[in-house]
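In: Next comes the sequence, and after it the predicted model I'd like to discuss.
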Amino acid sequence: MAFFFLKDPCGIICLLITYSSIIYADYVVLAEIVVPQHGDSISGCLHVVVFNALLFLLFYSHVKAMLTDPGYVPFPEIAVDFSETRRSSRKKNLNDDDWTVCRQCELFRPPRSHHCRVCRRCVRKMDHHCPWINNCVGERNQKYFILFLFYTGLSCLHALILIATSWSDPIPDQNESQKTYHRIRLIALIVICLLFCLFVISVLYDQFYSICYDVTAIEIGTKREGKSTKMKKQLLIETFGTGSYLKWFFPCSSTHLAQDYRIDYNV
């Protein structure tokens with residue numbers, strides 16, 4: 001599988017914010033909460049293992065969502081003139097099942113493909129461009145994007161629970177200055193977790209609405225609601241892949257059931 005990295009300044013800044021937040025959260029949870037208050041107890045070991053497992057799955061899901069081809073429509077090996085095709089398409093009303101020609105990159109593209117101004121490519125079943133993964137969310141990486149959101153939410157929830165249960169328990173052998181800086185670091189993590197939780201809840205709702213009603217964010221914005229007659233279970237399988245449902249929760253490659261369009265430039 002080919003990997004792609006977009007050199008977009010906004011996306012790179014969001015990337016740095018994301019990874020800095022992961023490192024900071026791991027430091028505060030381990031150095032400020034678990035180790036001082038749980039030590040090498042069984043509960044302390046469990047918190048270390050669970051929290052770092054969540055962070056690893058968060059990180060790996062983000063990397064997969066960022067580097068995976070979201071469903072770029074391939075360029076033809078030979079330049080093709082679609083000017084006549086574009087002129088004829090303007091004279092008739094096209095529906096969502098029609099192939100179209102992109103005005104920006106001169107591609108004959110499958111139904112529900114859209115051009116991304118940031119990536120400068122046409123993406124199959126494009127939902128939106130997300131700077132937080134520095135990539136488009138399309139039919140080939142939507143699973144990884146959702147898992148990134150899911151594990152971000154679980155990591156934030158775990159951190160908030162640890163902070164809440166340890167807030168009133170002072171760390172031994174700390175002076176007033178150390179206690180103040182300790183609280184400041186905890187408050188900073190609370191703010192980070194709450195902001196990411198709000199982001200996750202909002203975007204996860206949009207993603208599952210998009211899947212269950214077979215409509216992308218772009219189609220909602222252009223008031224083209226989904227007309228799919230497929231069962232919601234089938235739509236979920238198309239996104240998360242076939243096989244065991246347990247694989248849905250891991251950022252591993254899955255066999256997708258999305259329609260595999262063969263692009264024929266003999267038009």
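Out: Perfect, thanks for sending it. Numbers count the residues shown, from 1 in each chain.

In: Which parts of the stretch 51-200 of the chain are strands?
Out: Assigned by DSSP state E, counting those that start in this stretch, the strands in the stretch 51-200 of the chain fall at 100-101, 108-109, 113-116, 121-124, 128-130, 135-137.

In: Could you provide these in TSV, with additional columns for distance to residue 161 and mean neighbour count?
Out: Glycine gets a C-beta too; all of them are placed from N, C-alpha and C. Output for the strands of the stretch 51-200 of the chain, formatted as TSV (distance: least, Cβ to Cβ, whole Å; neighbours: other Cβ atoms under 10 Å):
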stretch	distance to residue 161	mean neighbour count
strand 100-101	49	20
strand 108-109	46	20
strand 113-116	38	20
strand 121-124	38	26
strand 128-130	28	21
strand 135-137	29	27
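
In: mind putting those strands in a markdown table, distance to residue 182 included?
Out: Output for the strands of the stretch 51-200 of the chain, formatted as a markdown table (distance: least, Cβ to Cβ, whole Å):
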| stretch | distance to residue 182 |
| --- | --- |
| strand 100-101 | 58 |
| strand 108-109 | 55 |
| strand 113-116 | 44 |
| strand 121-124 | 46 |
| strand 128-130 | 35 |
| strand 135-137 | 37 |
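
In: among those, which is nearest residue 38?
Out: With Cβ to Cβ as the criterion, residue 38 lies closest to strand 128-130 of the strands of the stretch 51-200 of the chain, at 36.0 Å.

In: what's the closest one packed up against?
Out: Applying 3 or more Cβ pairs under 8 Å, 6 or more residues apart in numbering; DSSP states H and E, one finds that strand 128-130 contacts strand 135-137.

In: which other helices and strands contact the strand it packs on?
Out: Judged by 3+ Cβ pairs under 8 Å, 6+ apart, strand 135-137 is in contact with helix 42-67, strand 128-130.

In: Deepest-packed of those, please.
Out: Neighbour counts (mean count of other Cβ atoms under 10 Å) averaged over each of the helices and strands packed on strand 135-137 peak at strand 128-130, with a mean of 21.

In: Buried residues, the helix or strand encompassing residue 13. List them.
Out: Element membership of residue 13, judged by DSSP states H and E, is helix 9-27. Of the residues in helix 9-27, 11, 14-15, 18, 21-22, 25-26 count as buried by neighbour count, 16 or more other Cβ atoms under 10 Å.

In: what does stretch 198-216 give?
Out: 200, 203-204, 206-207, 210-216.

In: need the helices and strands packed on strand 135-137 in CSV with mean pLDDT, can you?
Out: Output for these, formatted as CSV (pLDDT from 0 to 100):
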stretch, mean pLDDT
helix 42-67, 96
strand 128-130, 96
